[in-house]
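>>> need a structure here:
(one chain, ligands or ions: 1)
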Amino acid sequence: MNVAGIEVEPGRRETRVVDVPVGERTVPVPIIAVNGAAGGPCVAVTGGIHGAEYVAIEAARRVGMTVDPKTLGGCLVVVPIANTTEYHKRSIYTSGLDAQNLNRVFPGNAHGSAGEALADWLFRTVMEPSSYYIDMHGGDMIEALVPFVLAPHCADAAVEKASLEMALASGIPRVIRSEVAGSTCGAAVAAGIPSILAEVGGQGVWRETEVAAHMESTLRVLRHLGVVPGEVTPVPAQRSYDTFAWMRATAGGLFHPRTTVGDRVEVGQTLGVVADYFGETLQTVEAATTGEVVFLVTSLAMNPGDPLLAICA
Ligand SMILES: [Zn+2]
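As a prediction, this is how the structure comes out:
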(Lines give C-alpha, C1' and ligand atoms only; values in the text may rest on other atoms or scores of the structure.)
Protein backbone atom coordinates (compact mmCIF):
# COMPACT_ATOMS: atom_id res chain seq x y z
CA MET A 1 0.00 0.00 0.00
CA ASN A 2 1.26 3.47 -0.87
CA VAL A 3 -0.66 6.68 -0.29
CA ALA A 4 0.86 10.16 -0.66
CA GLY A 5 4.31 8.54 -0.67
CA ILE A 6 3.65 6.66 2.59
CA GLU A 7 4.59 2.98 2.23
CA VAL A 8 2.57 0.68 4.51
CA GLU A 9 3.39 -3.00 4.94
CA PRO A 10 0.49 -5.50 5.29
CA GLY A 11 -0.78 -5.63 8.90
CA ARG A 12 0.62 -2.17 9.71
CA ARG A 13 -0.61 1.40 10.36
CA GLU A 14 1.42 4.49 9.49
CA THR A 15 0.69 8.13 10.29
CA ARG A 16 2.21 11.22 8.70
CA VAL A 17 1.55 14.90 8.14
CA VAL A 18 2.02 15.63 4.44
CA ASP A 19 2.83 19.15 3.20
CA VAL A 20 0.50 19.72 0.26
CA PRO A 21 1.34 22.50 -2.22
CA VAL A 22 -1.55 24.95 -2.78
CA GLY A 23 -0.32 27.73 -5.06
CA GLU A 24 2.59 29.63 -3.50
CA ARG A 25 2.44 27.82 -0.14
CA THR A 26 1.86 24.42 1.44
CA VAL A 27 -0.74 23.23 3.94
CA PRO A 28 -0.27 20.31 6.36
CA VAL A 29 -2.64 17.35 5.86
CA PRO A 30 -2.59 14.52 8.45
CA ILE A 31 -2.96 11.00 7.02
CA ILE A 32 -3.62 7.69 8.77
CA ALA A 33 -2.92 4.77 6.42
CA VAL A 34 -3.86 1.25 7.49
CA ASN A 35 -2.93 -1.78 5.38
CA GLY A 36 -4.84 -4.90 6.36
CA ALA A 37 -3.15 -8.24 6.79
CA ALA A 38 -5.78 -9.71 4.44
CA GLY A 39 -6.88 -8.51 0.98
CA GLY A 40 -10.01 -6.46 0.26
CA PRO A 41 -11.15 -3.08 -1.02
CA CYS A 42 -9.50 0.24 -0.19
CA VAL A 43 -11.77 2.72 1.61
CA ALA A 44 -11.09 6.44 2.02
CA VAL A 45 -12.52 8.41 4.97
CA THR A 46 -12.30 12.18 5.44
CA GLY A 47 -13.22 14.44 8.36
CA GLY A 48 -12.68 18.16 8.65
CA ILE A 49 -13.54 19.13 5.07
CA HIS A 50 -15.31 21.73 7.24
CA GLY A 51 -12.81 22.60 9.97
CA ALA A 52 -15.24 23.28 12.83
CA GLU A 53 -17.24 20.03 12.56
CA TYR A 54 -15.55 18.51 15.57
CA VAL A 55 -17.61 15.35 16.10
CA ALA A 56 -16.69 14.18 12.59
CA ILE A 57 -13.02 15.07 13.04
CA GLU A 58 -12.67 13.28 16.38
CA ALA A 59 -14.65 10.24 15.18
CA ALA A 60 -12.64 9.93 11.93
CA ARG A 61 -9.38 10.12 13.88
CA ARG A 62 -10.52 7.42 16.33
CA VAL A 63 -11.63 5.10 13.50
CA GLY A 64 -8.24 5.43 11.81
CA MET A 65 -6.24 4.95 15.01
CA THR A 66 -8.26 2.07 16.52
CA VAL A 67 -9.06 -0.35 13.67
CA ASP A 68 -6.83 -3.40 13.96
CA PRO A 69 -4.54 -3.80 10.91
CA LYS A 70 -4.16 -7.50 11.80
CA THR A 71 -7.89 -8.16 11.23
CA LEU A 72 -8.50 -5.56 8.49
CA GLY A 73 -9.42 -6.92 5.04
CA GLY A 74 -8.22 -4.38 2.48
CA CYS A 75 -6.94 -0.94 3.34
CA LEU A 76 -8.14 2.25 4.95
CA VAL A 77 -6.96 5.82 4.36
CA VAL A 78 -8.24 8.34 6.92
CA VAL A 79 -7.70 12.08 6.65
CA PRO A 80 -9.10 13.26 10.00
CA ILE A 81 -8.69 16.98 9.28
CA ALA A 82 -8.78 17.54 5.54
CA ASN A 83 -8.60 21.33 5.91
CA THR A 84 -6.20 22.19 8.75
CA THR A 85 -6.25 25.90 7.78
CA GLU A 86 -9.99 26.22 8.42
CA TYR A 87 -9.63 24.04 11.54
CA HIS A 88 -6.99 26.27 13.19
CA LYS A 89 -8.77 29.47 12.18
CA ARG A 90 -11.99 28.02 13.69
CA SER A 91 -13.69 29.42 10.62
CA ILE A 92 -17.01 28.41 9.09
CA TYR A 93 -18.44 28.25 5.55
CA THR A 94 -15.27 29.38 3.75
CA SER A 95 -12.13 27.25 3.54
CA GLY A 96 -9.77 29.78 5.13
CA LEU A 97 -7.64 29.31 2.00
CA ASP A 98 -9.93 31.40 -0.21
CA ALA A 99 -13.50 32.74 -0.13
CA GLN A 100 -15.09 29.42 -1.18
CA ASN A 101 -16.66 26.52 0.70
CA LEU A 102 -14.25 23.58 0.22
CA ASN A 103 -17.23 21.24 -0.18
CA ARG A 104 -18.38 23.13 -3.28
CA VAL A 105 -15.17 22.96 -5.35
CA PHE A 106 -14.59 19.20 -5.80
CA PRO A 107 -13.00 17.55 -7.74
CA GLY A 108 -10.85 20.68 -7.55
CA ASN A 109 -8.33 22.30 -9.88
CA ALA A 110 -4.54 22.05 -9.48
CA HIS A 111 -4.13 25.46 -11.14
CA GLY A 112 -7.06 27.19 -9.41
CA SER A 113 -7.36 28.93 -6.02
CA ALA A 114 -5.67 27.49 -2.92
CA GLY A 115 -8.92 25.76 -1.88
CA GLU A 116 -9.38 24.30 -5.37
CA ALA A 117 -5.76 23.05 -5.33
CA LEU A 118 -6.32 21.34 -1.95
CA ALA A 119 -9.53 19.73 -3.27
CA ASP A 120 -7.63 18.51 -6.35
CA TRP A 121 -4.88 16.97 -4.20
CA LEU A 122 -7.37 15.28 -1.85
CA PHE A 123 -9.37 13.97 -4.78
CA ARG A 124 -6.42 12.57 -6.75
CA THR A 125 -4.46 11.27 -3.75
CA VAL A 126 -7.11 9.99 -1.35
CA MET A 127 -10.49 9.55 -3.05
CA GLU A 128 -9.77 8.54 -6.65
CA PRO A 129 -7.45 5.59 -5.80
CA SER A 130 -10.09 4.16 -3.39
CA SER A 131 -12.94 1.73 -4.09
CA TYR A 132 -15.34 3.45 -1.63
CA TYR A 133 -15.39 6.83 0.08
CA ILE A 134 -17.01 8.09 3.31
CA ASP A 135 -17.04 11.83 4.06
CA MET A 136 -17.76 12.59 7.73
CA HIS A 137 -19.44 15.90 8.57
CA GLY A 138 -21.71 17.47 11.18
CA GLY A 139 -23.37 20.79 11.82
CA ASP A 140 -20.91 23.66 11.56
CA MET A 141 -20.10 26.02 14.47
CA ILE A 142 -23.51 27.73 14.14
CA GLU A 143 -25.65 24.76 13.07
CA ALA A 144 -27.73 22.32 15.08
CA LEU A 145 -28.72 19.10 13.37
CA VAL A 146 -30.21 15.67 13.82
CA PRO A 147 -28.09 12.85 12.33
CA PHE A 148 -28.59 12.21 8.61
CA VAL A 149 -26.64 10.70 5.74
CA LEU A 150 -26.63 11.77 2.10
CA ALA A 151 -26.62 9.08 -0.60
CA PRO A 152 -25.87 10.89 -3.87
CA HIS A 153 -27.62 10.31 -7.20
CA CYS A 154 -25.40 9.04 -9.99
CA ALA A 155 -25.75 8.40 -13.75
CA ASP A 156 -24.24 4.96 -13.08
CA ALA A 157 -27.02 2.92 -11.43
CA ALA A 158 -24.58 0.44 -9.87
CA VAL A 159 -22.61 3.26 -8.18
CA GLU A 160 -25.85 4.87 -6.95
CA LYS A 161 -27.07 1.54 -5.56
CA ALA A 162 -23.75 0.82 -3.81
CA SER A 163 -23.81 4.33 -2.28
CA LEU A 164 -27.36 3.83 -1.02
CA GLU A 165 -26.39 0.47 0.50
CA MET A 166 -23.50 2.19 2.33
CA ALA A 167 -25.91 4.84 3.65
CA LEU A 168 -28.34 2.17 4.87
CA ALA A 169 -25.48 0.19 6.44
CA SER A 170 -24.40 3.29 8.42
CA GLY A 171 -27.50 2.89 10.59
CA ILE A 172 -27.94 6.69 10.62
CA PRO A 173 -31.72 7.12 10.98
CA ARG A 174 -32.33 9.57 8.08
CA VAL A 175 -31.06 8.57 4.64
CA ILE A 176 -31.49 11.47 2.19
CA ARG A 177 -31.03 10.71 -1.52
CA SER A 178 -29.48 13.99 -2.55
CA GLU A 179 -26.19 15.75 -3.18
CA VAL A 180 -24.80 19.26 -3.51
CA ALA A 181 -22.93 20.47 -6.62
CA GLY A 182 -19.16 20.43 -6.11
CA SER A 183 -19.37 18.23 -3.02
CA THR A 184 -16.87 15.52 -2.14
CA CYS A 185 -19.30 12.64 -2.53
CA GLY A 186 -20.86 14.08 -5.71
CA ALA A 187 -17.41 14.21 -7.33
CA ALA A 188 -16.60 10.71 -6.06
CA VAL A 189 -19.72 9.06 -7.53
CA ALA A 190 -19.18 10.93 -10.83
CA ALA A 191 -15.76 9.21 -10.91
CA GLY A 192 -17.40 5.81 -10.27
CA ILE A 193 -16.60 5.60 -6.54
CA PRO A 194 -19.60 4.74 -4.31
CA SER A 195 -19.76 7.38 -1.60
CA ILE A 196 -21.78 8.85 1.26
CA LEU A 197 -21.68 12.05 3.31
CA ALA A 198 -22.67 11.47 6.95
CA GLU A 199 -23.65 14.25 9.38
CA VAL A 200 -23.65 13.93 13.20
CA GLY A 201 -23.22 16.66 15.87
CA GLY A 202 -22.86 20.42 15.54
CA GLN A 203 -22.58 23.86 17.12
CA GLY A 204 -18.85 23.56 17.80
CA VAL A 205 -19.25 20.96 20.55
CA TRP A 206 -18.10 17.33 20.54
CA ARG A 207 -19.96 15.19 23.01
CA GLU A 208 -18.60 11.69 23.62
CA THR A 209 -22.01 10.18 22.84
CA GLU A 210 -22.06 11.86 19.41
CA VAL A 211 -18.42 10.97 18.67
CA ALA A 212 -19.19 7.33 19.55
CA ALA A 213 -22.31 7.36 17.33
CA HIS A 214 -20.47 8.87 14.36
CA MET A 215 -17.57 6.44 14.83
CA GLU A 216 -19.96 3.49 14.97
CA SER A 217 -21.77 4.64 11.78
CA THR A 218 -18.46 4.54 9.88
CA LEU A 219 -17.43 1.20 11.40
CA ARG A 220 -20.80 -0.23 10.34
CA VAL A 221 -20.11 0.81 6.72
CA LEU A 222 -16.62 -0.71 6.95
CA ARG A 223 -18.18 -3.97 8.22
CA HIS A 224 -20.73 -3.85 5.37
CA LEU A 225 -17.84 -3.51 2.88
CA GLY A 226 -16.01 -6.43 4.51
CA VAL A 227 -13.03 -4.29 5.53
CA VAL A 228 -13.66 -4.57 9.29
CA PRO A 229 -14.85 -7.98 10.59
CA GLY A 230 -18.35 -8.31 12.04
CA GLU A 231 -22.02 -8.38 11.10
CA VAL A 232 -24.16 -5.33 10.31
CA THR A 233 -27.51 -5.51 12.04
CA PRO A 234 -30.36 -3.52 10.43
CA VAL A 235 -31.70 -0.39 12.19
CA PRO A 236 -35.51 -0.68 12.15
CA ALA A 237 -36.20 3.05 12.64
CA GLN A 238 -34.21 4.08 9.55
CA ARG A 239 -36.12 6.04 6.87
CA SER A 240 -35.27 7.21 3.35
CA TYR A 241 -36.14 10.65 1.91
CA ASP A 242 -35.95 12.05 -1.61
CA THR A 243 -36.32 15.76 -0.83
CA PHE A 244 -33.69 17.92 0.87
CA ALA A 245 -35.11 21.47 0.84
CA TRP A 246 -32.80 24.30 1.98
CA MET A 247 -34.23 27.66 3.02
CA ARG A 248 -31.99 30.73 2.84
CA ALA A 249 -32.05 34.27 4.16
CA THR A 250 -33.11 36.99 1.72
CA ALA A 251 -32.11 39.72 4.16
CA GLY A 252 -29.39 40.29 6.75
CA GLY A 253 -30.07 41.02 10.41
CA LEU A 254 -31.20 38.95 13.41
CA PHE A 255 -32.55 35.41 12.88
CA HIS A 256 -35.31 34.38 15.32
CA PRO A 257 -36.22 30.74 14.57
CA ARG A 258 -39.62 29.39 15.67
CA THR A 259 -38.71 25.75 15.12
CA THR A 260 -35.94 23.38 16.07
CA VAL A 261 -34.22 20.32 14.62
CA GLY A 262 -36.33 17.18 14.65
CA ASP A 263 -39.61 19.16 14.38
CA ARG A 264 -42.26 17.97 11.93
CA VAL A 265 -43.43 21.05 9.98
CA GLU A 266 -46.19 21.71 7.46
CA VAL A 267 -45.70 23.47 4.12
CA GLY A 268 -46.31 27.22 4.56
CA GLN A 269 -45.78 27.09 8.34
CA THR A 270 -43.82 30.05 9.72
CA LEU A 271 -40.44 28.70 10.84
CA GLY A 272 -38.80 31.96 11.85
CA VAL A 273 -38.25 35.60 11.14
CA VAL A 274 -35.25 37.62 10.00
CA ALA A 275 -35.52 41.06 11.60
CA ASP A 276 -33.58 44.31 11.29
CA TYR A 277 -31.45 45.68 14.15
CA PHE A 278 -34.56 47.13 15.81
CA GLY A 279 -36.81 44.07 15.48
CA GLU A 280 -38.82 44.98 12.37
CA THR A 281 -39.51 41.89 10.24
CA LEU A 282 -37.53 41.75 6.99
CA GLN A 283 -38.28 38.12 6.07
CA THR A 284 -40.87 35.63 7.28
CA VAL A 285 -39.47 32.15 6.71
CA GLU A 286 -42.11 29.68 5.56
CA ALA A 287 -41.64 25.92 5.22
CA ALA A 288 -41.06 25.09 1.54
CA THR A 289 -42.36 21.56 2.09
CA THR A 290 -43.93 19.34 4.72
CA GLY A 291 -41.31 17.26 6.48
CA GLU A 292 -38.72 17.18 9.26
CA VAL A 293 -36.26 19.98 10.10
CA VAL A 294 -32.82 18.35 9.91
CA PHE A 295 -30.54 21.33 10.37
CA LEU A 296 -31.04 24.81 11.75
CA VAL A 297 -28.66 27.78 11.87
CA THR A 298 -28.59 28.85 15.51
CA SER A 299 -26.66 32.09 15.15
CA LEU A 300 -28.56 35.32 15.76
CA ALA A 301 -26.39 37.02 13.15
CA MET A 302 -27.71 36.44 9.65
CA ASN A 303 -26.50 37.52 6.20
CA PRO A 304 -28.41 37.57 2.90
CA GLY A 305 -27.97 34.27 1.07
CA ASP A 306 -26.94 32.30 4.17
CA PRO A 307 -28.68 28.96 4.85
CA LEU A 308 -31.35 29.11 7.59
CA LEU A 309 -32.48 25.49 7.81
CA ALA A 310 -33.26 22.41 5.77
CA ILE A 311 -36.22 20.06 5.68
CA CYS A 312 -36.12 16.45 4.52
CA ALA A 313 -39.25 14.85 3.08
ZN1 LIG B 1 -19.74 19.93 6.70
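
>>> what stretches of the stretch 101-250 of the chain score poorly on pLDDT?
For the stretch 101-250 of the chain, not a single residue meets the criterion pLDDT under 70.

>>> which parts of it sit against the ion?
With Cβ under 5 Å from the ion as the criterion, the stretch 101-250 of the chain meets the ion at residues H137. For every residue, glycine as well, the C-beta is placed using N, CA and C.

>>> In the stretch 101-250 of the chain, mark out all the helices, start to finish.
Assigned by DSSP state H, counting those that start in this stretch, the helices in the stretch 101-250 of the chain fall at 114-122, 157-169, 184-190, 208-224.

>>> so can I have a markdown table of those showing distance to F255 and mean neighbour count?
Shown next, in a markdown table, are the helices of the stretch 101-250 of the chain (distance: least, Cβ to Cβ, whole Å; neighbours: other Cβ atoms under 10 Å):
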| stretch | distance to F255 | mean neighbour count |
| --- | --- | --- |
| helix 114-122 | 27 | 24 |
| helix 157-169 | 30 | 19 |
| helix 184-190 | 28 | 26 |
| helix 208-224 | 24 | 20 |
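
>>> How about the most centrally placed residue in the chain: what's its closest non-neighbour residue?
For the chain, the residue sitting closest to the mean C-alpha position, by Cα atoms, centre = their mean, is H137 at 3.1 Å. Closest residue in space to H137, ignoring its immediate chain neighbours: E199 at 4.8 Å, by Cβ to Cβ, 6 or more residues apart in numbering.

>>> what about the strands in the stretch 151-300 of the chain?
174-176, 195-199, 239-241, 244-248, 253-257, 264-265, 270-275, 281-286, 291-297 (DSSP state E, counting those that start in this stretch).

>>> Identify, out of these, the most deeply packed stretch.
Mean neighbour counts were compared across those using mean count of other Cβ atoms under 10 Å; the top stretch is strand 195-199, at a mean of 28.

>>> any idea how far it is from the chain center?
5 Å (Cα atoms, centre = their mean, to the nearest Å).

>>> Stretch 155-175 too?
15 Å.

>>> ok, and what's touching that stretch?
Counting contacts by Cβ atoms under 8 Å, 6 or more residues apart in numbering, the residues outside stretch 155-175 that touch it are 132, 134, 146-154, 177, 185, 189-190, 192-196, 198, 200, 216-218, 220-221, 223-225, 232, 235, 237-241, 292, 294, 312.

>>> so E199 sits right up against E143, yeah?
No: counting by Cβ atoms under 8 Å, E199 stays clear of E143, with 9.3 Å between them.

>>> In TSV, list the strands of the stretch 151-300 of the chain along with distance to Y54.
What follows is the strands of the stretch 151-300 of the chain, written out as TSV (distance: least, Cβ to Cβ, whole Å):
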stretch	distance to Y54
strand 174-176	21
strand 195-199	13
strand 239-241	26
strand 244-248	23
strand 253-257	22
strand 264-265	28
strand 270-275	26
strand 281-286	28
strand 291-297	16
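
>>> List the beta-bridge partners for the residue of the stretch 151-300 of the chain found nearest the ion.
Distances between the stretch 151-300 of the chain and the ion by Cβ to the ion are smallest at E199, namely 6.9 Å. Judged by DSSP bridges, the bridge partners of E199 are H137, F148.

>>> quick one: stretch 63-83 near the ion?
No: counting by Cβ under 5 Å from the ion, the ion has no neighbours in stretch 63-83; the shortest distance is 10.2 Å.
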